[in-house]
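> Predicted model follows, preceded by the sequence.
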Amino acid sequence: MRLILKIWRQPGPDAPGRFVTYEHNDVNPHMSFLEMLDVLNQQLIRKGEDPIAFDHDCREGICGMCSMVINGVPHGPQRATTTCQLHMRHFKDGDVITIEPWRARAFPVIKDLVVDRSAFDRIIAAGGYISVNTGAAPEAASILVPKTDADRAFDAAACIGCGACVAACPNASAMLFTAAKVAHLNSLPQGQPERYQRVVRMVAQMEKEGFGHCTNHGECEAACPKEISLDTIAQLNRDLLAAALKGVRA
Amino acid sequence: MAIETPTPPARVPPAEWELADVVLDAKIPSGPIERKWEKAKFEMKLVSPANRRRFTILVVGSGLAGASAAATLGEMGYHVKCFCYQDSPRRAHSIAAQGGINAAKNYRNDGDSVYRLFYDTIKGGDFRSREANVYRLAELSVNIIDQCVAQGVPFAREYGGLLDTRSFGGALVSRTFYARGQTGQQLLLGAYQALCRQIQAGTVQMFPRTEMLDLIVIDGAARGIVTRDLVTGEVRSHLGDAVVLCTGGYGNIFYLSTNAKGCNATAIWRAHRRGAAFANPCFTQIHPTCIPLSGDYQSKLTLMSESLRNDGRVWVPKQPGDPRPPNEIPEAERDYYLERKYPTYGNLAPRDIASRAAKQVCDEGRGVGPGGLGVYLDFSDAIKRLGVERIRERYGNLFDMYERITGEDPYKVPMRIYPAVHYTMGGLWVDYYLMSTIPGLFVGGEANFSDHGANRLGASALMQGLADGYFILPLTVGNYLAQAKLPKVDLDHPVVRAVEGEVQARIKRLLEINGRRTVDEFHRALGRLMWDYCGMARNEPGLRYALAKIPELREEFWQDVRVPGSGAELNQELEKAGRVADFFELAELLALDALHRDESCGCHFREEHQTEDGEAKRDDERFAYVAAWFWNAAGPPRLAKEPLVFEYIPLAQRSYK
């Protein structure tokens, strides 16, 4: 396969970026998208050019490190699939592919396609946990969790923290990411004692990081490689409202 | 990728090693095995809660072992600095573990117990691990599940709200707790959240996108690390009172493995060069169920969880070279070879045995798929028995992943699988307290060698990482700090300056070679060499060939590699180059260890030592010991032997028939 790639190149956080066009004549349909870029990078290095920097690690769709907007869609055209799991058989010979980093004020570009997503860690640190010191846990079987609740918690907990939801949102809101963690922990009996504090603190941190507000576009859900549902946002909003009524502050 | 018969060069230099003049003391507490850990805990010196914040502990790595250790040490009140190369601690490769975590809860009333988990693990490891460590691991397994449930880990539940379990290889009980096919992810997020809580509380300082490049040893004790900030390129030192390495395994030495691309051995290798013994480097595990290779551009291999063998049946055609698609091959012409050879364990035979069996049938020409390097993992019987929905519920995400990678639908056609490098049982030598041969340097998780012997059982890696991190290291590090009399050191100390200088010089050297070949070209060549001669089956001529070839290739690397860019920026090629340079050195030790261990055991299969039906044949008279290697800058590596004593489980040939 032959492809034309238009790739965002930006040498550093403060340097201006631009699209650079590359012809790629060495693409096999069984390659993953990242392997296609690996091959291009090898060619660039041999030619004495700077290879394209991009984040990646597990290449199994679970670590959440890879992060590219492909033809305007975070993680590309295949539903429920991270960039690393996207294979070139979904493209055609001669295709023009545009590749950009996540774009959001709260995710500044570090280099080329690599962005800084540490804001997500700070949202979790604000309350995305259950406070239990090591050793203080009761016997596991003493906590009963109805299967439907456990399944709902799991569906939300499947979030890989990649940030596609932010990249897809016209407001660059981190609502789906935040809601996924709130829904995971607030659906479980273990999460009840901190339920309202958690939601208030996490939302406050999200706003502090410079993410936009949620205005119900639903682009996040469509882009999420783990198919986290918008229902989690409804659950977050319910808990946030209840917290306000109870007078819980951050 | 075909495995060729080694063709050794006409003359090869004899492999060399020396015996070290060291007696390794594992410090195993005396007394009956079920009381050892309790006794050790009672005898430990404690640091008073008010004094803990005066101690700084450096934790390198944020996987299950690192994150849980850092979080727990923070909760106890120590000042902790935690480092990871990824952009967030949540991305450590523990996240990719799929199948589950073992624990001797006996919720199934199927005869499980701490003792049985201990027994299964010793036997599964082919009698090459320490009884005392393994017993403690089995004991702590039950606490891990309690801790994780309390954190909100969404384990699979039954309709009554109780925890569900399933079976894994090497066990006849159902003791594996799981969260769909994403158990590692959920356990890691639990530890990560506990870590974040401590970051918020100010007890832990987190340094993401930061790589440890060397260890600082002052007056014989580990006192700090030298790191490179992967974004700015800044090289600096961090000092502390103890260093804890939880940096994972070295499977990427083979280039193609199920490890994440960034997994590397630099931290443990640099520590080894500073005096930490490296134990059993040749114990590398090849996992039987991975998606086969598709081409030479391939960057990694993807695991299909062992849990699939609960319901999937492994087979190949009886006829070599059978060209028919699987659905046209009648039942009578299929060979369900695991069920045939191991009727008791069947498709749940341990990993080393299942991998070798797959290699055997492929060597016989009965492999399927491109190049004949694959076997079928067939779910049609399970789908008939349980229905598509049940199967989707159990393995849905794995089936989806398989389809995304191969373009084939495993609900309709059998999966094709082939073994791939997955885990390394070897690692830095540690005593019962998880301290290496350098005082103050502790090692947890896959980075140490401690619990799995020559073969790790499925669902035991998560158990070990969390046992080390939540329950062992936080106590044993404190015990060390309570007794160590450490002088104050600062960043101007001559040793600190010297180590920093060495790190800078190495980076400079890599950047200045400006040769013709890329880092990946060298890494692939090394990986191929290791896979062919040091992979699933090994023999003396092949290992000698590898031992001659590795230094040659390493020499070429240092002459001809091209690392573009500078050291003062995000430079992913430079990161890779440093890691591959260390893999080259470790590779040689791995091959030497494999050559020296003139027996077969677990995953270490020396073709010279097999039973008539092709099973591994141990030599307990000569090799019932841990091989701990010391770096020797002036000559060949030095070997110290820690004898393994089996007081509770008598040495016996493993049988899974």
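Structure's in. What do you need?
> wait, isn't residue B:435 in contact with residue B:483?
No: counting by CB atoms under 8 Å, no contact exists between residue B:435 and residue B:483, whose distance comes to 11.6 Å. Bear in mind the C-beta positions are built from the backbone N, C-alpha and C, glycine included.
> So between those two, which is more surrounded?
Legend: neighbour count by other CB atoms under 10 Å in any protein chain shown for residue B:435 and residue B:483, higher for residue B:435 (26 against 11).
> what's across from the more buried one in the sheet?
In this structure, residue B:435 bridges to residue B:442 when assessed by DSSP bridges.
> How about the contacts made by it?
With contacts defined as CB atoms under 8 Å, 6 or more residues apart in numbering or on different chains, residue B:435 is in contact with B:441, B:442, B:443, B:476, B:480.
> Just give the closest residue to residue B:398, not the sequence neighbours.
The spatially closest residue to residue B:398, leaving aside those adjacent along the chain, is residue B:181, at 4.6 Å (CB to CB, 6 or more residues apart in numbering or on different chains).
> So what's the residue count around that neighbour?
Quick note: residue B:181 (other CB under 10 Å) scores 24 neighbours.
> And residue B:650, by the same measure?
As a burial measure, the neighbour count of residue B:650 was computed by other CB under 10 Å and equals 7.
> again, but for residue B:326
Residue neighbour count, defined by other CB under 10 Å, stands at 17 for residue B:326.
> And the pLDDT at the closest residue to it other than its chain neighbours?
Distance criterion CB to CB, 6+ apart; nearest residue to residue B:326, sequence neighbours excluded, is residue B:414 at 5.0 Å. Note on residue B:414: pLDDT of 97.
> got the phi/psi numbers for residue B:414?
Backbone geometry at residue B:414, expressed as degrees, to the nearest 10, gives phi -60, psi 150.
> Help me confirm that residue B:433 comes into contact with residue B:474.
No: with contact defined as CB under 8 Å, residue B:433 does not count as touching residue B:474 (11.7 Å).
> Looking at these two, which is more packed in?
Neighbours of residue B:433 and residue B:474, each counted by other CB under 10 Å, are more numerous for residue B:474; the result is 24 against 19.
> where's the more buried one, which helix or strand?
Residue B:474 is part of helix B:473-483, with elements assigned from DSSP states H and E.
> which secondary structure elements does that helix contact?
helix B:64-76, strand B:242-245, strand B:441-443 (3 or more CB pairs under 8 Å, 6 or more residues apart in numbering or on different chains; DSSP states H and E).
> For residue A:240, find the nearest of those.
With CB to CB, the closest approach to residue A:240 among the helices and strands packed on helix B:473-483 belongs to helix B:64-76: 27.4 Å.
> Residue ranges of each domain in chain B, please.
Following automatic domain parsing, one finds the domains of chain B at B:287-421, B:494-624.
> hey, what's residue A:100 bridged with?
Applying DSSP bridges to residue A:100, the residues it is bridged with are residue A:69.
> how about it, what does it touch?
Residues touching residue A:100, when contacts are defined by CB under 8 Å, 6+ apart, comprise A:8, A:68, A:69, A:113.
> Could you pull out the strands in chain A for me?
Along chain A, counting by DSSP state E, strands occupy A:3-9, A:18-24, A:69-70, A:73-74, A:96-100, A:109-111, A:114-115.
> picking up where we left off before, determine the next helix or strand in the C-terminal direction from the helix holding residue B:474.
Past helix B:473-483, further along toward the C-terminus, the next helix or strand under DSSP H and E is helix B:494-513.
> Can you name every helix or strand that that next one contacts?
Applying 3+ CB pairs under 8 Å, 6+ apart, one finds that helix B:494-513 contacts strand B:210-218, strand B:221-229, strand B:235-239, helix B:540-560, helix B:572-596.
> Out of those, which is closest to chain A?
Minimum separation from chain A across the helices and strands packed on helix B:494-513 (CB to the nearest CB) falls at helix B:572-596, 5.8 Å.
> Would you mind splitting chain A into its domains for me?
Residue ranges for the domains of chain A, per automatic domain parsing: A:3-111, A:118-245.
> In JSON lines, list those along with distance to residue B:535 and mean pLDDT.
Formatted as JSON lines, the domains of chain A follow (distance: least, CB to CB, whole Å; pLDDT from 0 to 100):
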{"stretch": "domain A:3-111", "distance to residue B:535": "21", "mean pLDDT": "97"}
{"stretch": "domain A:118-245", "distance to residue B:535": "31", "mean pLDDT": "98"}
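> and the stretch 151-300 of chain B, which of its residues are near chain A?
B:151-152, B:154-163, B:179-180, B:182, B:185-186, B:189, B:192-194, B:196-197, B:199-200, B:206, B:208, B:231, B:260-262, B:294-295, B:297-300 (CB under 8 Å from any CB of the partner chain).
> Let's see which of those residues end up in strands.
Secondary structure assignment (DSSP E) places residue B:206 from these within strands.
> Can you turn the buried part of the residues of the stretch 151-300 of chain B next to chain A into a PyMOL selection?
Selecting only the buried entries of those in PyMOL, with 16 or more other CB atoms under 10 Å in any protein chain shown as the criterion:
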select buried, chain B and resi 151+152+154+155+156+157+161+162+163+179+180+182+185+186+189+192+193+194+196+197+199+200+206+208+231+260+261+262+294+297+298+299+300
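> Please name the spatially closest residue to the residue in the stretch 551-657 of chain B that chain A sits nearest to (chain neighbours excluded).
Nearest residue of the stretch 551-657 of chain B to chain A, counting by CB to the nearest CB: residue B:570, 4.5 Å away. Closest residue in space to residue B:570, ignoring its immediate chain neighbours: residue A:111 at 4.5 Å, by CB to CB, 6+ apart.
> Please apply the same query to residue B:606.
Once chain neighbours are set aside, the closest to residue B:606 by CB to CB, 6+ apart is residue B:600, at 4.8 Å.
> so what's the one you found up against?
Listed by CB under 8 Å, 6+ apart, the contact partners of residue B:600 are B:606, B:609, B:610, B:616, B:617, B:618.
> Sticking with the last one, tell me its helix or strand.
Which is residue B:618. Using DSSP H and E, no helix or strand contains residue B:618.
> Isn't it up against residue B:125?
No: with contacts counted by CB under 8 Å, residue B:618 stays clear of residue B:125, the gap being 11.4 Å.
> Which residue of these two possesses the greater neighbour count?
For residue B:618 versus residue B:125, the count of surrounding residues by other CB under 10 Å is larger for residue B:125: 28 against 23.
> Please report how far that one lies from chain A.
With the distance defined as CB to the nearest CB, to the nearest Å, residue B:125 ends up 26 Å from chain A.
> ok, and the closest non-adjacent residue to that residue?
Spatially, and ignoring its direct neighbours in sequence, residue B:125 is nearest to residue B:453 (2.4 Å; CB to CB, 6+ apart).
> check contacts around the one you found.
Counting by CB under 8 Å, 6+ apart, residue B:453 has contacts B:121, B:122, B:124, B:125, B:126, B:127, B:128, B:129, B:283, B:425, B:601, B:602.
> ranking the residues you listed by neighbours, who comes first?
With neighbours defined as other CB under 10 Å, the most crowded of the contacts of residue B:453 is residue B:283; it has 32 neighbours.
> isn't that residue right up against residue B:450?
No: under the criterion of CB under 8 Å, residue B:283 lies out of contact with residue B:450, with a separation of 11.7 Å.
> thinking again about what came up before, list just the nearest of the contacts of residue B:453 to residue A:215.
Residue A:215 has its nearest neighbour among the contacts of residue B:453 in residue B:425, at 52.5 Å by CB to CB.
> All set now, cheers.
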